[in-house]
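S.K.: sequence plus the predicted model coming up.
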Amino acid sequence: MMEVNMYVALLLSFVSFVTISLFGMVYKHLSHFRGNNLPPGKFGLPFIGETLTFLRSGWDGHPEKFIFDRISAYSSQVFKTSILAEPTAVFCGAPGNKFLFSNENKLVTAWWPDSVNKVFPSSLQTSSKEEAKKMRKMLPNFFKPEALQRYVGMMDEIAHRHFAMSWANKDEVVVFPLAKRFTFWLACRVFVSVQDPDHVAKFADPFNDIASGIFSVPIDLPGTPLNKAKHASNFIRKELRAIIKQRKLDLAEGRASTTQDILSHMLEATDEDGKHMNEMDIADKILGLLIGGHDTASAACTFIVKYLAELPDVYERVYQEQMEIAKSKAPGQLLNWEDIQKMRYSWNVACEVLRLAPPLQGAFREALNDFIFNGFSIPKGWKLYWSTHSTHRNAEYFPEPEKFDPSRHDGAGPAPYTFVPFGGGPRMCPGKEYARVEILVFMHNLVKRFKWENLIPDEKIVVDPMPMPAKGLPVRLIPHKA
């Protein structure tokens, strides 16, 4: 009888412990959502919040709907919600963008969902936030215009090979996977000097798994997008470490240059204490660069193809500009930096595509301290979100926002903090100029070879997390007559 009573007592103690622990977790979770004078809005369901509504608006092809529905209901400046189980203030319009971009590392700092840290675990056990800071100190020398000039001819050469292999002599193609193949090939060449198409292709599927899982629901079970992304990340790291080991040998024996790409630079770089980065740390950073260096640009290239098919007058002006450049070249002569600077109308077109179909939908920050914005209290630890759509598709900043109008980007272009496809402030995308060059090289090589027709008019667009045509944008190619 005594043993039974002891068993019951232990069982009750365990149940009590679990109950109190769960209550404590719930109380702690809910306490983050409390405060005085918070922005207007609703948090949605417990724990889930409005996450599914937020994601579903993208899956339905209209990510701006989540933003504008709440702007209409609550405030055009800031509203509260709950995304990814976090209390979140969504900052809207140019004033919201200016506040967040101007207060980086003062009142706010970068924040990523747990899924990002799981896919990119740093070998130094620092957060991806800290790793990003290190990368930003390292990248400007490679992505400034003076450095990019030497890559233009190489990008053009790869474009020639890409279009010969994947577009020439075909009646129909599916654009999105081909755009990804092109931008990934460039990233592999520029960042790690890998240019063999077979070697590049070996990475393609794992990188697609990472892209699908990096901002997924953080459920790490076999078969889930996050789990697939983690396995893909580990596979690519292993491959990158082999490339790194070989490069070390090549540098030591004089077969590689210390300035040939970012990988060589990382191997030579030292920290404040004079220590070199270890191989796993370099592999992590190169992995992040390869993803950031091709995924967003491939989405932009795909939507450029879509809009040029739908807007023949715009296509014709792009074609005339690019053919004037093509006719100025001797046979076999590659594009150079001066040619890129002549592509002004083409870049205006690309910018208007980036306004209407931005690869980056927005980004999260975290409040470092309590502060006031637009008369409302934002508590320390709250997550903050800015959205490209709150300005890009807002008639206050872009009259007739649904109209495709490249002239919006003439001269000085849109007003500050309204056109933000690359973010802004200290965290503006460091690869902005690199993206401009690869997009223009793609446009040049495409329009001088083809006109085309979209095979699925009004093809559904899915945003997860970047926009993409649901069927990949199949087109019928119409080669120019020689």
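M.R.: The structure has been received and is ready for your questions. Residues are numbered from 1 along each chain as shown.

S.K.: mean pLDDT per helix and strand in this protein: which one sits at the bottom?
M.R.: helix 2-31 (a mean of 52; mean pLDDT, DSSP states H and E).

S.K.: what is the subsequent helix or strand relative to it?
M.R.: helix 51-59 (DSSP states H and E).

S.K.: next, count neighbours for Ser72.
M.R.: Using other C-beta atoms under 10 Å, Ser72 has 9 other residues around it. For glycine as for every other residue, the C-beta is placed from the backbone atoms N, C-alpha and C.

S.K.: next one: the one helix or strand it maps to to chain centre, how far?
M.R.: If you go by DSSP H and E, Ser72 is part of helix 64-73. Offset of helix 64-73 from its chain centre (C-alpha atoms, centre = their mean, to the nearest Å): 23 Å.

S.K.: how about it as PDB, C-alpha atoms only?
M.R.: Written as PDB, here are the backbone C-alpha positions of helix 64-73 (Å, rounded to 0.1, in the frame of the first residue of the first chain):
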ATOM      1  CA  GLU A  64       0.400  43.300 -50.000                       C
ATOM      2  CA  LYS A  65      -3.200  42.400 -48.900                       C
ATOM      3  CA  PHE A  66      -2.100  41.500 -45.300                       C
ATOM      4  CA  ILE A  67      -0.500  45.000 -45.100                       C
ATOM      5  CA  PHE A  68      -3.200  47.100 -46.700                       C
ATOM      6  CA  ASP A  69      -6.100  45.400 -44.900                       C
ATOM      7  CA  ARG A  70      -4.500  46.400 -41.600                       C
ATOM      8  CA  ILE A  71      -3.500  49.800 -42.700                       C
ATOM      9  CA  SER A  72      -7.200  50.400 -43.600                       C
ATOM     10  CA  ALA A  73      -8.400  49.000 -40.400                       C
END
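
S.K.: and that helix, average pLDDT?
M.R.: Taken as a whole, helix 64-73 has an average pLDDT of 95.

S.K.: for that helix, buried residues please.
M.R.: By 16 or more other C-beta atoms under 10 Å, the buried positions in helix 64-73 come out as 64, 66-68, 70-71.

S.K.: which parts of stretch 426-435 are buried?
M.R.: In terms of neighbour count (16+ other C-beta under 10 Å), stretch 426-435 has its buried residues at 427, 429-431, 434-435.

S.K.: thinking again about what came up before, possible to save the buried residues of helix 64-73 as JSON lines with distance to Asn374?
M.R.: Formatted as JSON lines, the buried residues of helix 64-73 follow (distance: C-beta to C-beta, whole Å):
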{"residue": "Glu64", "distance to Asn374": "21"}
{"residue": "Phe66", "distance to Asn374": "20"}
{"residue": "Ile67", "distance to Asn374": "16"}
{"residue": "Phe68", "distance to Asn374": "18"}
{"residue": "Arg70", "distance to Asn374": "15"}
{"residue": "Ile71", "distance to Asn374": "13"}
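
S.K.: among those, which pair sits farthest apart?
M.R.: The distance between the two most remote of these (C-beta to C-beta) is 11.0 Å, for Glu64 and Arg70.

S.K.: just for the protein, where's the confidence low?
M.R.: For the chain, applying pLDDT under 70 flags the ranges 1-35, 121-141.

S.K.: mind listing the strands for it?
M.R.: 78-83, 86-91, 108-110, 172-174, 362-367, 371-373, 376-378, 383-387, 450-454, 461-463, 467-469, 474-479 (DSSP state E).

S.K.: same list (these) but as TSV, adding mean neighbour count and distance to Glu352.
M.R.: Supplementary listing: the strands of the chain in TSV, determined by neighbours: other C-beta atoms under 10 Å; distance: least, C-beta to C-beta, whole Å:
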stretch	mean neighbour count	distance to Glu352
strand 78-83	23	28
strand 86-91	24	24
strand 108-110	20	28
strand 172-174	15	24
strand 362-367	19	19
strand 371-373	15	30
strand 376-378	19	33
strand 383-387	24	18
strand 450-454	19	18
strand 461-463	18	16
strand 467-469	22	15
strand 474-479	16	20
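
S.K.: could the ones you listed be laid out in TSV, adding distance to Thr183?
M.R.: Shown next, in TSV, are the strands of the chain (distance: least, C-beta to C-beta, whole Å):
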stretch	distance to Thr183
strand 78-83	29
strand 86-91	30
strand 108-110	24
strand 172-174	15
strand 362-367	21
strand 371-373	37
strand 376-378	37
strand 383-387	24
strand 450-454	18
strand 461-463	19
strand 467-469	13
strand 474-479	18
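
S.K.: among those strands, which comes closest to Met280?
M.R.: strand 108-110 (22.3 Å).
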